[in-house]
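K.L.:
pasting the sequence and the predicted model now:
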Amino acid sequence: MTAEPTSARSQARYDAETLASLTADAAQIMARYPDPRSGLLPMLHLVQSVDGYVSRDGIMFCAEQLGMTAAEVSAVATFYTQYKRHPNGTYTVGVCTNTLCAVMGGDAIFEELSEHLGVGHDETTEDGAITLERVECNAACDYAPVVMVNWEFFDNQTPESAAALTDRLRLGEDVAPTRGASSVCSFKRMSRVLAGFPDGRADEGETAGAPTLAGLRLARAASGSVGEGDPSSPGAPSASVVPPSAPARPGQPGDEGSPSPTSGAASASGPAAGRAPGTGEEQQEAEVPPETGAERSSAERKPAATGDESPGRSPSGGKADPEPERKGRDDD
Ligand code: FES
């Protein structure tokens, strides 16, 4: 099915060879879905892999292939920031300025790069090498502040290291991401991968590094499964094996209020989360049988008796015992 032509400029203008190649690739994309229209997102990446952005011809091509109107295709293409509406540089340099990266130096990195490159957000250097962007969280907060080059990770950056990175990119040098693929490819090549045509590099390099797995390792230690193997190995048990109501284990790593800033991640796997040792609370909590309601927030618990709904009042209407109220907060 082909969209109704609405004007003389309603057809994609590609040379015969390019059009044949695009059409063959589009057919592969559409064949992946019960409804060909579902292939629009990868098809937009496909036209970016040819034009370097979602051109007017690219929009027309997608509309023709999918039986959509140009307006429908444009509505999708303008919604997602990964689709570029003007020619993109060879490298998209994205600086994460979301909350954690921002406070860890992301804002400073963006300002440095903007000055160093002479461009602002979503602008491209005169040599066409780099398009600078602010990007939202890339789920790499444990490596903040993060810079991405064509969606490859460059972790723990500084304004100086990021500026040096862009210098190398502009000189045409090979640069290696901190994790993942062993090199950075061009924006067009990356777009073809995102269209669903693998370049064979998906399994290159490390993905989840030590900081990413630190919480899992501590959770296992706290649950007594220390030494069960490399947490990154496929056969290793997942963190979900940690019993949510496991009693505190004095003497286990992560339970003692270790000064390590990450120790809370371990103790958070059980009811001992956030408690200091030596207060007697561990023993008290361990003796509380499960399913008593202590695991629920006060808002979720049904009142034991009339009057219990009122904070600070006992079931009998007298002055409340402060202990249950304190425990409720601890358990929330
Ligand atoms: S805030 Fe930057 S990767 Fe999450």
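P.N.:
Now that the structure is in, tell me what you want to look at. Numbering: from 1, shown residues only.
K.L.:
if I look at residue 133, how far off is residue 81?
P.N.:
For residue 133, the distance to residue 81 equals 8 Å [Cβ to Cβ, to the nearest Å]. Where C-beta positions appear, they are placed from N, C-alpha and C, glycine not excepted.
K.L.:
between the two, who's got more neighbours?
P.N.:
Neighbour count, other Cβ atoms under 10 Å: between residue 133 and residue 81, residue 133 has more, with 22 against 12.
K.L.:
look up phi and psi at that one.
P.N.:
Torsion angles at residue 133 (phi, psi; degrees, to the nearest 10) stand at phi -140, psi 150.
K.L.:
kindly report the same for residue 165.
P.N.:
phi -60, psi -50.
K.L.:
swap in residue 134?
P.N.:
When read as degrees, to the nearest 10, the backbone of residue 134 gives phi -90, psi 130.
K.L.:
per-residue pLDDT, it?
P.N.:
We have a pLDDT of 97 for residue 134.
K.L.:
my read is that it contacts residue 92, right?
P.N.:
No: with contact defined as Cβ atoms under 8 Å, residue 134 and residue 92 do not form a contacting pair (11.5 Å).
K.L.:
between the two, which is the more surrounded one?
P.N.:
Counted by other Cβ under 10 Å, residue 134 and residue 92 do not tie: residue 92 has more neighbours, with 21 against 18.
K.L.:
need the three-state assignment for the more buried one.
P.N.:
State at residue 92, reduced to three classes by DSSP: H, G, I helix; E, B strand; the rest coil: strand.
K.L.:
what residues does it make contact with?
P.N.:
With contact set as Cβ atoms under 8 Å, 6 or more residues apart in numbering, residue 92 has these partners: 130-131, 133, 148-151, 187.
K.L.:
run through the bridge partners of it.
P.N.:
When bridges are taken as DSSP bridges, the partners of residue 92 come out as residue 131.
K.L.:
return a ChimeraX selection command for the buried portion of the contacts of residue 92.
P.N.:
Selecting in ChimeraX just the buried members of the contacts of residue 92, where the criterion is 16 or more other Cβ atoms under 10 Å, is done with this command:
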select :130,131,133,148,149,150,151,187
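K.L.:
nearest to residue 46 among the contacts of residue 92?
P.N.:
Proximity of these to residue 46 was ranked by Cβ to Cβ; the top entry is residue 187 with 13.4 Å.
K.L.:
who's in contact with that closest one?
P.N.:
Under the criterion of Cβ under 8 Å, 6+ apart, the contact partners of residue 187 comprise 48, 52, 88-92, 131, 150.
K.L.:
I'm done for today, thanks for sticking with me.
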